[in-house]
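Engineer: I'd like to go over a predicted model; first the sequence, then the structure.
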Amino acid sequence: MTSASIPPGVLLSDRARNLRGGEESPFLRMMRLASRFDSLINLGRGDPDLSTPPHIVEAAKAALDRGETKYTAPAGLPALREAIANDLRARHGLVYDPASEILVTDGTQEAIYLAIQCLVNPGDEVIIPDPCYANYEMSVAMAGGTLVRVPTRLEDDFELTAEAVEVAITPKTRLLALISPSNPTGAAILPATMAKIARLAARHELVVLSDELYEHVVYDGLKLISFPILPGMRDRTVLVNGVSKSHCMTGLRVGYVAAPAALARGMLEPRHTISICTGTVSQHAALAALTGPQDCLAENLAIYEKRRALITHGLRTGGVRFGAPRGAFFVFADIRPTGMTSMRFCEEILQAERVLIFPGHLYGPAGEGFVRISYLAAEDQLEEAAARIARFCRKPQS
Ligand SMILES: Cc1ncc(COP(=O)(O)O)c(C=O)c1O
């Protein structure tokens, strides 16, 4: 048989074939459409446009120069695991043993995947907020779990509520994913809600996957808490986090899992199987990120804060509604008054106004009628983009 005669997809496993029905995802479609334009305002990106701090770059170079180009232990460099444990202790009072309770991963992405593969049996239900960072859906599908989406609402600024979580819990519920601050909504789960959710997790014996990747990008002095500090939660929580967003080093791919020893131990061999270890040079860069000067956190936050003010001002002035963006770099804006689907809106605004944003349904059904606008762009571009979005929303639609 020549490769041309093999029907597309026939060599894939049932699981891989069923993952996405073979269609082009809305994300890839938008990227393909955007590639036709030489110039556009890109408010689609999710990776910080700001530079990686020089001391982190230098640490990566120095590691290369020293010949640090071999495997490390699957759990990661001991010094990096210790730095992660110290960081969690210093910022949250969380105590994890670096030798047995921290695993370094290829970004938080791999930490999520690993945790879900190791915690979910086929048929188990996994509760996620809707809308939600799209990787969760795929990871749950690959574990054979059943996704249960809990809608969040514009009226609540897209905060996940304990009441909505409770309604979704069944005897089959195994895992609850909390993502705060959230991609794509910029919502945060406030401490009082976290406490209510913790009581639910204890009562229903749930395992909690707490994704705290945007914890350093929180506005207006808002103080969030790390989920495992809540009473009884450390033992039932897998905390995932990383340095991608905080230290502007998405391409270096360093994240981690912090979990009770019995869980972390169970994840070690699967972690080894996936990619042996995180790139050694990247681990040295992450070590510098966590142990070096932390000025970039406040400096970058001030930049994002200004940008957030510009985009939200522009949208508000143009009559566009959105949930209060309490963290991360995203505004989730309501385009329902236009009568368009999210996909059509994004395609048409790209065509008419040369602004790239992503349709809300990409992140779950509750995102239909909304668009994700990221403000990882220069201030003049943001002002211009907000004016274009508002103009487009006002335009009578055919
Ligand atoms: C909520 C959330 N979790 C995890 C990730 C993965 O990040 P990384 O693997 O770069 O740490 C992202 C990336 O955008 C995200 O938005």
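Structural biologist: Nice, thanks for sending it over. Numbers count the residues shown, from 1 in each chain.

Engineer: Flag every buried residue along the lowest-mean-pLDDT helix or strand in the chain.
Structural biologist: Counting by mean pLDDT, DSSP states H and E, the chain has its least confident helix or strand at helix 14-18, which shows a mean of 81. By neighbour count on 16 or more other C-beta atoms under 10 Å, the buried set for helix 14-18 is empty. All C-beta spots, glycine's among them, are computed from the backbone N, C-alpha and C.

Engineer: Repeat that for stretch 49-66.
Structural biologist: Quick answer for stretch 49-66 (16+ other C-beta under 10 Å): T52, P53, H55, I56, A59, A60, A63.

Engineer: Check whether that stretch comes near the ligand.
Structural biologist: No: applying C-beta under 6 Å from any ligand atom, one finds stretch 49-66 separated from the ligand by no less than 12.9 Å.

Engineer: Alpha carbons only: can I get that stretch in PDB?
Structural biologist: Extracted as PDB, the C-alpha positions of stretch 49-66 are listed here (Å, rounded to 0.1, in the frame of the first residue of the first chain):
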ATOM      1  CA  ASP A  49       5.800  40.000  24.600                       C
ATOM      2  CA  LEU A  50       8.200  41.400  27.200                       C
ATOM      3  CA  SER A  51      11.800  40.300  27.300                       C
ATOM      4  CA  THR A  52      13.200  37.500  29.500                       C
ATOM      5  CA  PRO A  53      15.200  39.200  32.200                       C
ATOM      6  CA  PRO A  54      18.900  39.300  31.300                       C
ATOM      7  CA  HIS A  55      20.100  37.300  34.400                       C
ATOM      8  CA  ILE A  56      17.900  34.400  33.300                       C
ATOM      9  CA  VAL A  57      19.300  34.500  29.700                       C
ATOM     10  CA  GLU A  58      22.800  34.700  31.200                       C
ATOM     11  CA  ALA A  59      22.100  31.700  33.400                       C
ATOM     12  CA  ALA A  60      21.000  29.700  30.300                       C
ATOM     13  CA  LYS A  61      24.100  30.700  28.400                       C
ATOM     14  CA  ALA A  62      26.400  29.900  31.300                       C
ATOM     15  CA  ALA A  63      24.800  26.500  31.700                       C
ATOM     16  CA  LEU A  64      25.500  25.800  28.000                       C
ATOM     17  CA  ASP A  65      29.100  27.000  28.400                       C
ATOM     18  CA  ARG A  66      29.600  24.700  31.300                       C
END
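
Engineer: what's the closest of the buried residues of stretch 49-66 to the ligand?
Structural biologist: T52 (12.9 Å; C-beta to the nearest ligand atom).

Engineer: Now do the SS call for the closest one.
Structural biologist: coil (DSSP: H, G, I helix; E, B strand; the rest coil).

Engineer: got a list of what the residue lying closest to R354 once chain neighbours are set aside touches?
Structural biologist: Of all residues beyond its chain neighbours, the one nearest R354 is L40 (4.1 Å), with distances taken as C-beta to C-beta, 6 or more residues apart in numbering. L40 makes contacts with A34, L350, R354, V355, L356, as judged by C-beta atoms under 8 Å, 6 or more residues apart in numbering.
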